[in-house]
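**Student:** no sequence for this one, just the structure:
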């Protein structure tokens, strides 16, 4: 975990990365936030990047929730604190909010993975329940295609060459991921009354945009906004239109610094 303070230090953003990747893929975004006065707390989730433990494997999705909790405890309570989660990190942020109900200035979700498109084939899906009992740490190829993640060819090549990007996940990871998505819907009523911005890529090839909107509609907060980005792929902060996405996000953050 790293806590990178801004010289202006107007507020803190806790940033949660997605599946298969790591904190290093967000350095440009982090530096941009810092220039605009936001300190950033982020790190590698369990089983990802340079974190300890078997890569692509977790005991439960709660491992992610507790990791975010530990990051949250490092934030300055005297300043506004925001939570930003992308993809699986967005799902982890949702489960953190539903379970821990922290006091935050706002939450931003980027293409949250409440429901993925590329689920296991039906026979393997059925088998995964059995393997989760008898061989939970068994890892299988994830079949990640970077060209489905972003239209930014520079980022596609960086993804291909990145030695910290994992390409296998365990049966337990898969089952816990699926369970967390279901619980996000079941416990949507537990999401605290915190300003919420959900941004979803319209041409997302990894998660189902319609299901993201369904979850959003279930959340009962005093202030929430849903932004669909036409033409954009999954990683909206890496897309050619990333400056528009950043400015939209910054505007939300600036409105809720108190």
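**Tutor:** Received the coordinates, thanks. None of the values given here were measured: they were computed from a predicted structure.

**Student:** that's a strand at residue 198, yeah?
**Tutor:** Yes: counting by DSSP: H, G, I helix; E, B strand; the rest coil, residue 198 is part of a strand.

**Student:** Let me see the residues that make contact with stretch 73-81.
**Tutor:** Applying CB atoms under 8 Å, 6 or more residues apart in numbering, the contact partners of stretch 73-81 are 1, 3, 9-14, 39, 41, 72, 103-106, 256-258. Using the backbone N, CA and C atoms, a C-beta is placed for each residue, glycine as well.

**Student:** which of the residues you listed count as buried?
**Tutor:** Neighbour-count burial (16 or more other CB atoms under 10 Å) is assigned, among those, to 11, 12, 13, 14, 39, 41, 72, 104, 105, 106, 256.

**Student:** can I assume the fourth one sits in a strand?
**Tutor:** The reference is to residue 14. Yes: Residue 14: assigned to a strand according to three-state DSSP.

**Student:** mind listing what's buried in stretch 153-169?
**Tutor:** 155, 156, 159, 162, 165, 166, 168, 169.

**Student:** How about the backbone phi and psi for the residue most central in space within the chain?
**Tutor:** Centroid check for the chain by CA atoms, centre = their mean gives residue 89 as the closest residue, at 1.9 Å. Per-residue torsions, residue 89: phi -60, psi -30 (degrees, to the nearest 10).

**Student:** Isn't it up against residue 17?
**Tutor:** Yes: Residue 89 lies in contact with residue 17 (CB atoms under 8 Å); the separation is 5.0 Å.

**Student:** quick check: mean pLDDT across the helix or strand encompassing residue 176?
**Tutor:** Per DSSP states H and E, residue 176 falls inside helix 171-186. Helix 171-186 carries an average pLDDT of 97.

**Student:** and for it, what are the contacting residues?
**Tutor:** 19, 47, 56-61, 88, 91-92, 94-95, 98, 113-116, 119-120, 128-129, 131-132, 135-140, 214-215, 218.

**Student:** where does the stretch 151-258 of the chain dip in pLDDT?
**Tutor:** Across the stretch 151-258 of the chain, nothing is flagged by pLDDT under 70.

**Student:** quick one, strands of it?
**Tutor:** Remark: strands assigned in the stretch 151-258 of the chain by DSSP state E, counting those that start in this stretch are 168-170, 196-201, 224-229.

**Student:** Which residues are in contact with each of residue 89 and residue 17?
**Tutor:** Residues touching both residue 89 and residue 17 (CB under 8 Å, 6+ apart): residue 45.

**Student:** Tell me the one of the buried ones among the contacts of stretch 73-81 nearest residue 192?
**Tutor:** The closest of the buried ones among the contacts of stretch 73-81 to residue 192 turns out to be residue 104 (CB to CB; 8.0 Å).

**Student:** Helix, strand, or coil at that closest one?
**Tutor:** Residue 104 falls in the coil class when you classify it by three-state DSSP.

**Student:** Make sure it is actually in contact with residue 82.
**Tutor:** Yes: counting by CB under 8 Å, residue 82 is a contact partner of residue 104 at 6.4 Å.

**Student:** what sits in contact with each of those two?
**Tutor:** By CB under 8 Å, 6+ apart, residue 104 and residue 82 have no common neighbours.

**Student:** follow-up on the earlier one: measure the residue nearest to the centre of the chain to residue 165 for me?
**Tutor:** 15 Å (CB to CB, to the nearest Å).

**Student:** again with residue 116
**Tutor:** According to CB to CB, residue 116 stands 17 Å off from residue 165.

**Student:** Helices of this protein, residue ranges please.
**Tutor:** Using DSSP state H, the helices of the chain run over 27-35, 62-72, 88-100, 122-134, 153-161, 171-186, 209-218, 242-255.
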